[in-house]
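Novice: Give me a 3D structure for the following:
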Amino acid sequence: MQREDLPAQCDVVVIGGGPAGSLAATFLSQKGYHVVLLDKEKHPRYRVGESIIPHFWKFCDLAGVSEKVKADGFIQKAGGTVIWNNVIRQVAFKDFGYSQPALHVERDRLDYILLEHARSQGAEVYEEVSATGVVLGDEGVKIICHREGDADSREISARFVIDASGQNAVIARQLGIRVIDTGFRFMSIWGYFDDSKYVAPDGHAHPFETLRETPPTTFVTSIGESGWSWHIPLRDNTSVGLVLPSEALKSVKGSQNGLQEFFLQTCEQTPYLNRLLEDASFVEGSLRVIRDYSYLPTQLAGPGYFLIGDAAAFVDPIFSVGVVLAMYGAYSSAWAVDRSLKNPKSAAHSQAVFSQQLRGRLDMARALALPKYESAPDASDRARSWVRFESGLEQELMFVVSSMTTRSENFAAIAEGGDGRPLSSDKFRVIDDIVF
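Specialist: Model prediction:
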């Protein structure tokens, strides 16, 4: 595809082809708008974030992509197993009214399915085209973009731009509206293993080859006072990651060999995780690391633009809510853009509604994930209002999940004044030990 194939103008430009961008482009294309989606990479491409909670089916259904996702054959997960402070707890989503399964996904495959669905719904998708900046205004925007291999940049004029560019955060970086979340001074280091055992809902460790016969749980275990690890069996291998305070890497040599030695040694020293990996082999070259990865926006929308997905904010991934938050942002930004294009006088109000709703959900996710919840009063109020908005079963699920990681005090802080349900549940079980 040549540079001249890029249109000079359209209704909406979406930056980024992850779950947030692809669904935003899908929703708006289905409403009849001329949508251009730009992604700097060629799909399929690698991304981490492989544990998907069942809430995401709602947005797949709305986009009409659920059957395509199901047809790909991702690993269905049966629930979660959490070992925190030597207590072993298990939970199943089906106990909270979810009939659709949670999944363990290869993100390159999931993201590719969602991107191609956006294309099938009428979005113009241009890969290997980077958005390098924007010119914003009340009467429209210009997106400056550059196609790989071309000498010159060019501009696309649009009425709105939705930034779903992930941690590149094109607009937030340009405007200086992204700040590091000091409540999460953590780093994440992860890689992949062949032939790892996994934990099933029966509390037993099973061999990798039985994944289809006996569905796995997502396995999480605490490390120290606030760190934790993940263990996510995929179709061909297992994703294993460590989330640790940033100072944990201060004494580690910055070379890849030094990081890999630290990673493998920590896995070997982490109870239960080491037993799951005792017969597994590390996939050489798979190690990755991100430092100080959590950040917050000072604003989520402005004249002509919306921020969604990781381009807006990122919190600790301990409860696997990132993809669902991205999809919610896609749906709500598409609603706001549609409303604004149909009635330009409503644009400011639509942006305010979008910002209030997305920020409330971000505040709620952050409150549940923080080791100790401390926040500004307005953030606490937003989080509290969204907890009250959720159904009784969903509130109970949040309580159970937070309790599994000893963070139920956080939920209690934002659930106070809710619908009167007691902060208790019998929908998780404590087991004595994992059977190897």
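Novice: check contacts around A20.
Specialist: Contact analysis of A20 by CB atoms under 8 Å, 6 or more residues apart in numbering lists A164, I308, G309, D310, A311, A326, M327, G329, A330. In this view, the C-beta of every residue, glycine as well, is placed from N, C-alpha and C.
Novice: The last one belongs to a helix, doesn't it?
Specialist: Same thing as A330. Yes. Under DSSP: H, G, I helix; E, B strand; the rest coil, A330 sits within a helix.
Novice: now it: how far from D61?
Specialist: For A330, the distance to D61 (CB to CB, to the nearest Å) stands at 14 Å.
Novice: In terms of neighbours, single out the busier of those two.
Specialist: Between A330 and D61, counting by other CB atoms under 10 Å, A330 is the more crowded of the two (31 against 12).
Novice: So the more buried one is in contact with A311, correct?
Specialist: No. A330 lies out of contact with A311 (CB atoms under 8 Å); the separation is 11.4 Å.
Novice: Quick check, P303 in contact with D138.
Specialist: Yes. Counting by CB under 8 Å, P303 does reach D138; the two are 4.8 Å apart.
Novice: Which of those two has more residues huddled nearby?
Specialist: Per other CB under 10 Å, whichever of P303 and D138 has more neighbours is P303, with 14 against 11.
Novice: and that one, what does it touch?
Specialist: Taking CB under 8 Å, 6+ apart as the criterion, P303 is in contact with L136, G137, D138.
Novice: And the contacts of A20, which is closest to N85?
Specialist: The closest of those to N85 turns out to be D310 (CB to CB; 30.2 Å).
Novice: how about the closest one, what does it touch?
Specialist: So D310 contacts G18, A20, G166, Q167, A169, G322, A326 (CB under 8 Å, 6+ apart).
Novice: Wasn't it part of a helix?
Specialist: Yes. Per three-state DSSP, D310 lies within a helix segment.
Novice: any idea how far Q351 is from it?
Specialist: Here the distance between D310 and Q351 works out to 20 Å (CB to CB).
Novice: What of L370?
Specialist: For L370 relative to Q351 (CB to CB), the value is 28 Å.
Novice: More neighbours: the two, which one.
Specialist: Neighbour count, other CB under 10 Å: between L370 and Q351, Q351 has more, with 24 against 20.
Novice: looking at it, E390 is touching M398, isn't it?
Specialist: Yes. Judged on CB under 8 Å, E390 makes contact with M398 at a distance of 7.3 Å.
Novice: quick one, which of these two is more surrounded?
Specialist: For E390 versus M398, the count of surrounding residues by other CB under 10 Å is larger for M398: 23 against 16.
Novice: what about the residue nearest to the more buried one when sequence neighbours are not counted, which SS state?
Specialist: Nearest residue to M398, sequence neighbours excluded (CB to CB, 6 or more residues apart in numbering): F411, at 5.7 Å. With three-state DSSP as the basis, F411 sits in helix.
Novice: how many other residues sit next to F411?
Specialist: F411, neighbours per other CB under 10 Å, totals 24.
Novice: With E209 instead?
Specialist: 8.
Novice: ok but it is inside a strand, no?
Specialist: No. When classified by three-state DSSP, E209 is found to be helix rather than part of a strand.
Novice: Look up how far E50 lies from it.
Specialist: Where E50 is concerned, E209 sits at a distance of 19 Å (CB to CB).
Novice: can you check S340 too?
Specialist: Separation of S340 from E50 (CB to CB): 35 Å.
Novice: Need the pLDDT of K427.
Specialist: You'll see K427 listed with a pLDDT of 78.
Novice: try A330
Specialist: At A330, pLDDT is 98.
Novice: quick one: W190 and V48 touch, right?
Specialist: Yes. With contact defined as CB under 8 Å, W190 counts as touching V48 (6.5 Å).
Novice: Need the overlap of contacts for the two.
Specialist: S239, G241, R288.
Novice: JSON lines please, covering those residues and showing neighbour count.
Specialist: Listed next are those as JSON lines, based on neighbours: other CB atoms under 10 Å:
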{"residue": "S239", "neighbour count": "23"}
{"residue": "G241", "neighbour count": "21"}
{"residue": "R288", "neighbour count": "15"}
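Novice: Go through those and say which is closest to D181.
Specialist: Nearest member of the shared contacts of W190 and V48 to D181, counting by CB to CB, is G241, at 18.7 Å.
Novice: mind checking the SS state of the closest residue to that closest one other than its chain neighbours?
Specialist: Nearest residue to G241 in three dimensions, chain neighbours excluded: W190, at 3.2 Å (CB to CB, 6+ apart). At W190 the chain is in strand, as set by three-state DSSP.
Novice: Got the phi and psi for I308?
Specialist: Per-residue torsions, I308: phi -140, psi 170 (degrees, to the nearest 10).
Novice: Equivalent analysis for the one 5 residues further on, please.
Specialist: When read as degrees, to the nearest 10, the backbone of A313 gives phi -160, psi 160.
Novice: picking that back up, which one of W190 and V48 has more residues nearby?
Specialist: For W190 versus V48, neighbours defined as other CB under 10 Å are more numerous around W190 (19 against 16).
Novice: pLDDT value on that one, please?
Specialist: 97.
Novice: Might you report the residue contacts of it?
Specialist: Counting by CB under 8 Å, 6+ apart, W190 has contacts V48, W230, S239, V240, G241, L242, F263, L287, R288, V289.
Novice: Distance of the residue nearest to M398 relative to F319?
Specialist: On the measure of CB to CB, F411 and F319 end up 11 Å apart.
Novice: which neighbours do those two share?
Specialist: With CB under 8 Å, 6+ apart, F411 and F319 have common neighbours L368.
Novice: Can you get me the start-to-end distance on stretch 158-168?
Specialist: Across its full length, stretch 158-168 reaches 21 Å between end residues, using CA to CA, to the nearest Å.
Novice: what do you get for stretch 269-280?
Specialist: Using CA to CA, the two ends of stretch 269-280 sit 15 Å apart.
Novice: re earlier: list only buried entries from the contacts of D310.
Specialist: For these, a burial check counting by 16 or more other CB atoms under 10 Å picks out G18, A20, G166, A169, G322, A326.
Novice: just to revisit the earlier point, quickly list what's touching both of A330 and A311.
Specialist: Here A330 and A311 have A20, A164 as joint contacts, going by CB under 8 Å, 6+ apart.
Novice: coming back round to it: name the nearest of the shared contacts of W190 and V48 relative to A365.
Specialist: The closest of the shared contacts of W190 and V48, once distances to A365 are taken by CB to CB, is G241, at 18.5 Å.
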